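give me a 3D structure for the following:
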Amino acid sequence: MEIGRNSVIMLTGDYGCGKTNLAVNLALRLAEKGKTSIVDMDTVNPYFRSADFGELFSARGINAVFPQYANTNLDIPVLNFDLESVISDSDFTIIDVGGSDAGAYPVGRYESLFKSLGEKLEMLYVFNMYRLCERSADKVAETLCEIESACRLKCTGLVNNSNLGAETTPSVIAQSAEFAEKVAEKTGLPIKFTCVTENEKTDETHLPVSRLVTLPWETEREYD
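Have a look, this model is predicted:
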């Protein structure tokens with residue numbers, strides 16, 4: 001997907017679809033092209049969030065914006081930042097939204113700002129076919145509509161992030177192509193790109209992603 005300057009990419013989707021891992025990957029990729037900010041608007045899930053990568057973002061020159069009290073024992077939903085300033089001061093802004101409609105409600109607070117962005121805003125719905133609750137295109141379309149209602153905004157595209165975590169292979173991803181087409185048909189939205197594993201041969205329809213978000217019992221990764 002071609003991403004222009006002053007673009008804002010908002011990632012939405014159901015719990016566990018891989019939004020945060022994708023958000024971190026996109027921020028690292030875009031930081032090579034210009035001033036990049038990543039905004040963690042997840043106020044419902046304290047376990048997998050962009051705030052976990054503060055040191056990595058700092059090392060790569062990425063402006064990381066988190067809810068107040070993120071990653072503390074007072075982890076409560078407090079959005080105390082000036083999002084308009086963050087966006088205007090950045091070439092690229094990635095926004096990691098909480099899962100499902102419950103996590104999407106805080107976005108509605110900035111409805112007028114997002115609508116003022118026009119075509120500079122990409123609101124992408126991320127789905128993973130292998131998530132139990134997303135194994136039907138109808139269910140994906142239903143959750144997407146619930147998120148749009150909570151945000152009071154319309155999604156502009158889809159991201160096929162179908163994977164099995166550490167067990168993901170090229171064939172696992174290839175098997176999701178038919179499902180992705182059904183989702184696109186049900187929602188009337190284009191597939192902006194499909195996430196693939198590192199080092200896989202890609203074209204403009206694929207985005208290679210590193211597996212950065214790991215499960216609590218897995219060994220912590222070392223970042224280059």
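
where do the helices sit along the protein?
In the chain, the helices defined using DSSP state H lie at 19-30, 54-59, 83-88, 100-104, 111-116, 137-151, 170-174, 177-187.

mean confidence score for the fourth one?
I take that to be helix 100-104. Regarding helix 100-104, the rounded mean pLDDT is 84.

just checking, what packs against it?
Counting contacts by 3 or more Cβ pairs under 8 Å, 6 or more residues apart in numbering; DSSP states H and E, helix 100-104 packs against helix 137-151. Where you see a C-beta, it was placed from the backbone N, CA and C, and this is true even at glycine.

swap in the third one?
In this structure, helix 83-88 packs against strand 36-41, strand 63-65, helix 111-116, with contacts taken as 3+ Cβ pairs under 8 Å, 6+ apart.

give me whichever of these is most buried.
strand 36-41 (a mean of 26; mean count of other Cβ atoms under 10 Å).

quick check: angle from it to helix 19-30?
Counting by axes from the mean of the first three to the mean of the last three Cα atoms, to 10 degrees, strand 36-41 lies at 170 degrees to helix 19-30.

now tell me which helix or strand of the protein has the poorest mean pLDDT.
Sorted by mean pLDDT, DSSP states H and E, the helices and strands of the chain end with helix 100-104, the least confident at a mean of 84.

wait, Leu83 sits on Val39?
Yes - the pair Leu83 / Val39 is scored as a contact, 6.7 Å apart, by Cβ atoms under 8 Å.

now the common contact residues for the two.
Common contacts of Leu83 and Val39 (Cβ atoms under 8 Å, 6 or more residues apart in numbering): Val65.

model confidence for Asp14, exactly?
pLDDT at Asp14 comes out at 90.

kindly provide the distance from it to Asp89.
Separation of Asp14 from Asp89 (Cβ to Cβ, to the nearest Å): 31 Å.

ditto for Leu56
Relative to Asp89, and taking Cβ to Cβ, Leu56 is found at 21 Å.

which one of those two has more residues nearby?
For Leu56 versus Asp89, the count of surrounding residues by other Cβ atoms under 10 Å is larger for Leu56: 16 against 12.

for stretch 94-105, buried residues please.
The neighbour-count check on stretch 94-105 (16 or more other Cβ atoms under 10 Å) flags Ile94, Ile95, Asp96, Val97, Gly98, Gly99, Ser100, Asp101, Gly103, Ala104, Tyr105 as buried.

how long is that stretch end to end?
This stretch, stretch 94-105, spans 17 Å end to end (Cα to Cα, to the nearest Å).

for that stretch, the distance to its chain's centre please.
The chain centroid and the centroid of stretch 94-105 are separated by 9 Å under Cα atoms, centre = their mean, to the nearest Å.

output the helices of the chain as CSV; include the columns distance to Asn199.
Converted to CSV, those look like this (distance: least, Cβ to Cβ, whole Å):
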stretch, distance to Asn199
helix 19-30, 14
helix 54-59, 20
helix 83-88, 33
helix 100-104, 32
helix 111-116, 35
helix 137-151, 28
helix 170-174, 10
helix 177-187, 20
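
these: which one's closest to Gly157?
Between Gly157 and these, the shortest gap by Cβ to Cβ is with helix 177-187, which sits at 9.2 Å.

any idea of the pLDDT on the closest residue to Lys192 other than its chain neighbours?
Spatially, and ignoring its direct neighbours in sequence, Lys192 is nearest to Gly157 (3.9 Å; Cβ to Cβ, 6 or more residues apart in numbering). pLDDT, Gly157: 96.

CA atoms of stretch 136-153 as PDB?
Output in PDB follows, covering the C-alpha atoms of stretch 136-153 (Å, rounded to 0.1, in the frame of the first residue of the first chain):
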ATOM      1  CA  SER A 136     -17.000 -16.500   8.800                       C
ATOM      2  CA  ALA A 137     -17.100 -13.500   6.500                       C
ATOM      3  CA  ASP A 138     -20.500 -12.600   7.900                       C
ATOM      4  CA  LYS A 139     -19.000 -12.300  11.400                       C
ATOM      5  CA  VAL A 140     -16.100 -10.100  10.200                       C
ATOM      6  CA  ALA A 141     -18.600  -7.800   8.400                       C
ATOM      7  CA  GLU A 142     -20.800  -7.700  11.500                       C
ATOM      8  CA  THR A 143     -17.900  -6.700  13.800                       C
ATOM      9  CA  LEU A 144     -16.700  -4.100  11.300                       C
ATOM     10  CA  CYS A 145     -20.100  -2.500  11.300                       C
ATOM     11  CA  GLU A 146     -20.200  -2.400  15.100                       C
ATOM     12  CA  ILE A 147     -16.800  -0.700  15.100                       C
ATOM     13  CA  GLU A 148     -17.900   1.800  12.500                       C
ATOM     14  CA  SER A 149     -20.900   2.600  14.600                       C
ATOM     15  CA  ALA A 150     -18.800   3.100  17.800                       C
ATOM     16  CA  CYS A 151     -16.200   5.300  16.000                       C
ATOM     17  CA  ARG A 152     -18.800   7.200  14.000                       C
ATOM     18  CA  LEU A 153     -16.500   6.700  11.000                       C
END
